[in-house]
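[1] coordinates only, sequence not included:
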């Protein structure tokens, strides 16, 4: 079975490329991380700094009410879309396994509760957009999403809390056509981030 990534830089230390963004240990031992090819052999700090140049004005938030295992997946997707920050609202601890180490490259901020998060959003002039299939929500398809926005997702079991809904400027739902009443929150987050991205690439 082929190992993922790349091995040591060919030619030994004498052939190593120059640049402070390269990690000497990775050049010597190989880079088996799940990173894009153009970041091979770069240090974690250099990758994060480079991402900071291109991050988009989108924020993503998750209410951590139930130690939801989907949080890691949402963080991983947020990294793929180069969002500005991920916000964890509620319990500080969360299962990082699903993030596949992408949380190391992503800015993650914690807020005690919905009110504290709403105050932070207001102080930054962001539009808070809820994603949940609750009464009164409107379809995500065709919606004009604010450029400086924060998409917030509830827990898998309970959805958005009433306190969080009260902070939202609007709540959108993803139209479904099958028999299930809801889709996985990690999948919903990916759809919503993509919907924002096609409007604001």
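    The structure has been received and is ready for your questions. For clarity, every value in this text was computed on a predicted model and none was experimentally measured.

[2] buried residues of the longest helix along the chain, list them for me.
    The residue-count maximum for a helix in the chain (DSSP state H) belongs to helix 185-200. In terms of neighbour count (16 or more other C-beta atoms under 10 Å), helix 185-200 has its buried residues at 185-186, 188-190, 192-193, 195-197. Where you see a C-beta, it was placed from the backbone N, CA and C, and this is true even at glycine.

[3] and the helices in this protein?
    24-29, 44-54, 70-80, 114-123, 162-167, 185-200.

[4] list the contacts of the first one.
    Contact partners of helix 24-29, identified using C-beta atoms under 8 Å, 6 or more residues apart in numbering, comprise 8-9, 13, 16-17, 40-43.

[5] wait, residue 56 sits on residue 84?
    Yes - with contacts counted by C-beta atoms under 8 Å, residue 56 reaches residue 84, the gap being 6.4 Å.

[6] neighbours of residue 100, how many?
    Residues within reach of residue 100, counting by other C-beta atoms under 10 Å, total 14.

[7] what's near enough to touch it?
    Counting by C-beta under 8 Å, 6+ apart, residue 100 makes contact with 34, 72, 76.

[8] tell me the spacing between the last one and residue 191.
    If I follow you right, that is residue 76. 15 Å (C-beta to C-beta, to the nearest Å).

[9] cool, and the second one?
    Here the criterion is C-beta to C-beta. By it, residue 72 lies 18 Å from residue 191.

[10] re the thing from before, pull out the buried members of the contacts of residue 100.
    72, 76.

[11] from the contacts of residue 100, pick the one nearest residue 170.
    residue 76 (25.9 Å; C-beta to C-beta).

[12] which pLDDT value goes with that closest one?
    Each residue has a pLDDT score; the one for residue 76 is 95.

[13] enumerate every residue touching the spatially most central residue of the chain.
    By C-alpha atoms, centre = their mean, the chain has its centre lying nearest to residue 78, at 2.0 Å. For residue 78, the contact set (C-beta under 8 Å, 6+ apart) comprises 60, 86, 106, 189, 193.

[14] and the second one, how far from residue 170?
    Here the criterion is C-beta to C-beta. By it, residue 86 lies 21 Å from residue 170.

[15] also the first one?
    Distance, residue 60 to residue 170, using C-beta to C-beta: 16 Å.

[16] neighbour count for those two, which is higher?
    More neighbours surround residue 60 than the other of residue 60 and residue 170, with 25 against 15 (other C-beta under 10 Å).
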